[in-house]
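Participant: structure for the following, please:
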Amino acid sequence: MRIDLTGTNIEINGELRALVAKRFAKIKRRVPEDVHCEVILAEEHNPKIAEGQKAEANLHIKGGTINAKAHERDMAAAVGRIADEVVRQLNRRGDRARARSRAGADTIRHGHPGSAV
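Facilitator: Numbering: from 1, shown residues only. You can find the predicted model right below:
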């Protein structure tokens with residue numbers, strides 16, 4: 001999985017890169033190598049915004065896009081929340097795919113309802 005890291009009003013240093021790589025390691029194990037992930041980190045300078053650290057992830061996979069956004073006081077917490085959200089969405093996507101593939105199993109095994117097999 002290729003991760004593109006972008007910063008808005010924030011400098012992307014080695015510490016932030018390591019944090020994103022660590023949090024997205026479990027996602028890398030679950031998706032194919034050709035998947036593209038965009039991570040956008042931003043900092044709001046408005047003092048009225050209490051949760052000024054913003055993180056967003058867009059994961060481009062076969063069949064669609066997975067999006068996650070988080071606003072927190074701490075950038076590490078925001079990155080953690082988007083990583084957890086992406087994992088949750090990947091799990092839901094896999095569960096739905098398994099349910100769709102198994103939906104016709106009863107019909108295949110026992111024939112169509114109402115038919116004499």
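Participant: which elements pack onto the longest helix along the chain?
Facilitator: Assignment by DSSP state H gives helix 75-103 as the longest helix of the chain. Identification of packing neighbours for helix 75-103 by 3 or more Cβ pairs under 8 Å, 6 or more residues apart in numbering; DSSP states H and E yields helix 14-23, helix 25-28, strand 36-43, strand 53-61, strand 64-72. Just so you know, the C-beta spots here come from the backbone N, C-alpha and C atoms, and that holds for glycine as well.
Participant: Val31: what secondary structure?
Facilitator: For Val31, the secondary-structure state derived from DSSP: H, G, I helix; E, B strand; the rest coil is coil.
Participant: do you know how far it is from Val79?
Facilitator: To Val79, Val31 is 18 Å away according to Cβ to Cβ, to the nearest Å.
Participant: name the residue in the two with the higher neighbour count.
Facilitator: Using other Cβ atoms under 10 Å as the criterion, Val31 and Val79 rank with Val79 on top: 23 against 18.
Participant: that one is in contact with Lys54, isn't it?
Facilitator: No. Counting by Cβ atoms under 8 Å, Val79 does not reach Lys54; the two are 10.5 Å apart.
Participant: residues shared between the contacts of the two?
Facilitator: Contact criterion Cβ atoms under 8 Å, 6 or more residues apart in numbering; residues shared by Val79 and Lys54: 41, 70.
Participant: how about Arg81, what does it touch?
Facilitator: Applying Cβ under 8 Å, 6+ apart to Arg81 gives the contacts 55, 68, 70, 72.
Participant: switch the cut-off to 10 Å
Facilitator: 23, 55, 57, 68-72 (Cβ atoms under 10 Å, 6 or more residues apart in numbering).
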